[in-house]
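Trainee: Have a look at this fold, sequence not included:
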C-alpha cells in the first residue's frame, strides 16, 4: 500500500530529494520478487490486455517507419491525430474539443495524469481521490507537491466515490477531485446519477475534476459517462486517457489529455520541457487505431465480457463473494471470510497454489480484505486458476461457502 | 444467440455450462440452441485443428485452378459436384476471375495428386483446363496461424 505519511528511510542521505526518498515504493515490490521465484504461476496480477496490438495498427506504424516518420512532431502532437481524436470524442461522447487548442497528445495517460497534477497544484493543495484507487494517484499528487485526501469507498457504495463523502472532506485547500472510472482495481463504473452529483459538487465548491478514463471503452452492459460531457463540466474537467487498454497498446506509450485551452496551455508548457512530444511512430499508430480500429475494439470488449462473467461466477461459487465489476478487466473479490488479510492471502495462494493475485491493500487501505484478479487472460487459465483457488480455500480448511 | 456460436467456433469443446456463463444465458437455453443448430445444419460438425507435421505426417496439398464449361440449366453446380465428390478434394469454391473453380486437393505424395489431376479431373468433359499449384508452406489456416505466438508470456507477471 502506498503510505502517504512521510517515513524516514535509510535511502535519505541528503542526495536524494526528501520528497522522493520518503515516497514509499509501490506495495507490490516484494510480491514481484516472490513471484519471480515461483515457477508455473498463473498470473491474475497483470494490469494489461493479453491481446497483441491489432495487426493493422502495427502495420501502419511499420509503414510510417519505412516512410521515414522518425522526427519530432509538434509538442501538442500530430494535427491529424488531434483531429481524429476530436472527431472520436465528439461522436462517441458528444463532447467537442478544438483539435488545435484543447487536445494534447502525451506519452500515455500516465504522463497526462502527471502533467495535469503538476499544472494545477500549488504546495499544500489537496486533491481528493477514492480509496482504493490506481497506485499512481497518491504518488503523483505527492510528487507534484499536493496532499492526497482519501475518500473511502466500499462494496455498499459499489466502490464509487460518493459526493457526500467528498463534501465532508472539502477544505479551503481542496483543489480538485481525481476520479478514475471504470476503476482499476475494482472494475466499478459510475452511474449518471453518481457523476451528476459529483459534477454538482464541483460547481458548488468551484473545484476541478481530473477524470482518468483510460478504461472507458472496457465497459459491459452500460454506457460510459464521459465526465466532461456533463453539462457545465467541460470547463472544469481535465480528461486523461489513452490507447493502452482500448486498443491493447500498453507498450506504445501513447495517450492524450483534453481540457479547455487555459489548462492545455499549462500542461503543454511542462510537456514541452520534459517530454517534447509523444513518439512519432506511436502517434501514427494511434491515428490508424482511431480511423480503423473499431471492429477490433468491439471484438476485444466481447472477449473480456465472457471472461468477466466466468471469473465473477467462479469466484462467487468458491466462496469469495465478488462485487459485480462493470468495467475495466478486474474482479475485486472479498477474501474476508478466509480470516486472512489481503497480503497473507495473496502470498499463501502464490506459494501453495501458484496463482498470483494482487493484494487489495496495494491500492489503498480500503482495499484490505480484497484482492485484485485480472481476467485479461485466456479462458483455460482463468478456469485453472479458479480451480487452484478453490483447492486452496478447501485445503486451508476454510469454510467460506 | 450469436454469442453461443462465436464461443463454440473458438473452442468446440466449450461445455454448455461454460458457454452459459460466458454468454450469460441459462444452461438449458444454451443446450437447446446447440441441439437445434446441430439438427438444422447451423453447426455442421465439430473438428480439431491438428498440426500434422508435428507428428511427422506430411500430406501433400495442391491448390488447383479449374476452368470449366457451365451447362444449361445447372450452371456450374453440376460439374462442381462431380468434382467435389472426389475424396481427394478437401475444399471447393466457385470463384470470379480467370478461372471458375478453386479446389484444394490432398494426397499422400505428389504422385497421388498428379494421378488425380491426370486421370480424374482433367478428363472430365466440362473441364477445359487445370493449373496445379503445390503448397510449399502453410502459414495460416481457418484463422489460425501455425507458429503460435505465446502472447501472454511477453507480459510482465505483475503490473498495476
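Mentor: Here it is on my side, so go on. Worth saying up front: this structure is predicted, and the values here are computed from it rather than measured. Numbering: from 1, shown residues only, chains lettered A, B, ... in the order given.

Trainee: Now do the same for residue B:146: its pLDDT.
Mentor: Here, the pLDDT recorded for residue B:146 equals 71.

Trainee: Can you name the residues in contact with stretch A:75-89?
Mentor: With C-beta atoms under 8 Å, 6 or more residues apart in numbering or on different chains as the test, stretch A:75-89 has contacts from A:95-100, A:102-106, A:226, A:256, A:258, A:264, A:268, A:271-272, A:276-278, A:280, A:283-284, A:286-287, A:290-291. For glycine as for every other residue, the C-beta is placed from the backbone atoms N, C-alpha and C.

Trainee: Name only those of these that count as buried.
Mentor: In the contacts of stretch A:75-89, burial by neighbour count holds for A:95-97, A:99, A:102-106, A:226, A:256, A:258, A:264, A:268, A:271, A:277-278, A:280, A:283-284, A:286-287, A:290, counting by 16 or more other C-beta atoms under 10 Å in any protein chain shown.

Trainee: tell me the domain ranges of chain B?
Mentor: B:2-40, B:57-136 (automatic domain parsing).

Trainee: JSON lines for those domains, including mean neighbour count, mean pLDDT and distance to residue A:341?
Mentor: Formatted as JSON lines, these follow (neighbours: other C-beta atoms under 10 Å in any protein chain shown; pLDDT from 0 to 100; distance: least, C-beta to C-beta, whole Å):
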{"stretch": "domain B:2-40", "mean neighbour count": "16", "mean pLDDT": "94", "distance to residue A:341": "30"}
{"stretch": "domain B:57-136", "mean neighbour count": "15", "mean pLDDT": "95", "distance to residue A:341": "55"}
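
Trainee: Give me the subset of the contacts of stretch A:75-89 that lies in helices.
Mentor: A:264, A:268, A:271, A:272, A:280, A:283, A:284, A:286, A:287, A:290, A:291 (DSSP state H).

Trainee: Does the third one touch residue A:104 like I think?
Mentor: What that stands for is residue A:271. Yes - at 6.3 Å, residue A:271 counts as touching residue A:104 under the criterion of C-beta atoms under 8 Å.

Trainee: what touches both of the two?
Mentor: residue A:115.

Trainee: Could you check the longest helix along chain A and say which residues are buried?
Mentor: Secondary structure of chain A per DSSP H: the longest helix is helix A:294-317. By 16+ other C-beta under 10 Å, the buried positions in helix A:294-317 come out as A:296-297, A:300, A:303-315.

Trainee: Residue B:136: which of the residues you listed is nearest?
Mentor: Nearest to residue B:136, judged by C-beta to C-beta, of the buried residues of helix A:294-317 is residue A:296 at 30.5 Å.

Trainee: Relative to chain B, how far out is the closest residue to that closest one other than its chain neighbours?
Mentor: Excluding the flanking residues, the one nearest residue A:296 by C-beta to C-beta, 6 or more residues apart in numbering or on different chains is residue A:54, at 4.1 Å. Using C-beta to the nearest C-beta, to the nearest Å, residue A:54 is found at 12 Å from chain B.

Trainee: Same check on residue A:165?
Mentor: Per C-beta to the nearest C-beta, residue A:165 is found 24 Å from chain B.

Trainee: my hunch is that that residue is in a strand, does that hold up?
Mentor: No - read with DSSP: H, G, I helix; E, B strand; the rest coil, residue A:165 is helix and lies in no strand.

Trainee: Neighbours of the residue nearest to it when sequence neighbours are not counted, how many?
Mentor: Spatial nearest neighbour of residue A:165, excluding adjacent residues (C-beta to C-beta, 6+ apart): residue A:151 at 4.9 Å. Residue A:151 has 21 neighbours, counted by other C-beta atoms under 10 Å in any protein chain shown.

Trainee: Show me what the helix or strand hosting residue A:151 is in contact with.
Mentor: In the assignment (DSSP states H and E), residue A:151 maps to strand A:147-152. Strand A:147-152 is contacted from outside by A:4, A:124-131, A:137-138, A:141-142, A:161-162, A:165-166, A:169, A:173-174, A:364-366, using C-beta under 8 Å, 6+ apart.

Trainee: pLDDT (mean, whole number) over it?
Mentor: Mean predicted lDDT for strand A:147-152 stands at 98.

Trainee: chain center to it, what's the gap?
Mentor: Relative to the centre of its chain, strand A:147-152 is centred 17 Å away, using C-alpha atoms, centre = their mean, to the nearest Å.

Trainee: on that earlier part again, selection in ChimeraX covering whichever of the contacts of strand A:147-152 are buried, please.
Mentor: Of the contacts of strand A:147-152, the buried ones can be selected in ChimeraX as follows, counting by 16+ other C-beta under 10 Å:
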select /A:4,125,126,127,128,129,130,131,137,138,141,142,161,162,166,174,364,366
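
Trainee: Out of the contacts of strand A:147-152, name the ones that lie in helices.
Mentor: The helices in this structure, assigned by DSSP H, contain A:137, A:138, A:141, A:142, A:165, A:166 from these.

Trainee: of all those residues, which two lie farthest apart?
Mentor: A:142 and A:165 (21.5 Å).

Trainee: got a list of contacts for the lengthiest helix in chain B?
Mentor: Assignment by DSSP H gives helix B:27-40 as the longest helix of chain B. Under the criterion C-beta under 8 Å, 6+ apart, residues B:1, B:4, B:5, B:8, B:16, B:17, B:19, B:20, B:23, B:42, B:43 lie in contact with helix B:27-40.

Trainee: now do stretch A:296-307
Mentor: A:49, A:51, A:54, A:56, A:217-220, A:246-248, A:329, A:375-377, A:379, A:382, B:3, B:6-7, B:22-23.

Trainee: So for it, mean pLDDT?
Mentor: On average, stretch A:296-307 scores 96.

Trainee: now swap in stretch A:315-325 and tell me
Mentor: When pLDDT is averaged along stretch A:315-325, the result is 94.

Trainee: Quick one: distance of that stretch to the chain centre.
Mentor: 22 Å.

Trainee: Does that stretch reach chain B?
Mentor: No - figure legend: stretch A:315-325 not in contact with chain B (C-beta under 8 Å from any C-beta of the partner chain); closest approach 9.8 Å.
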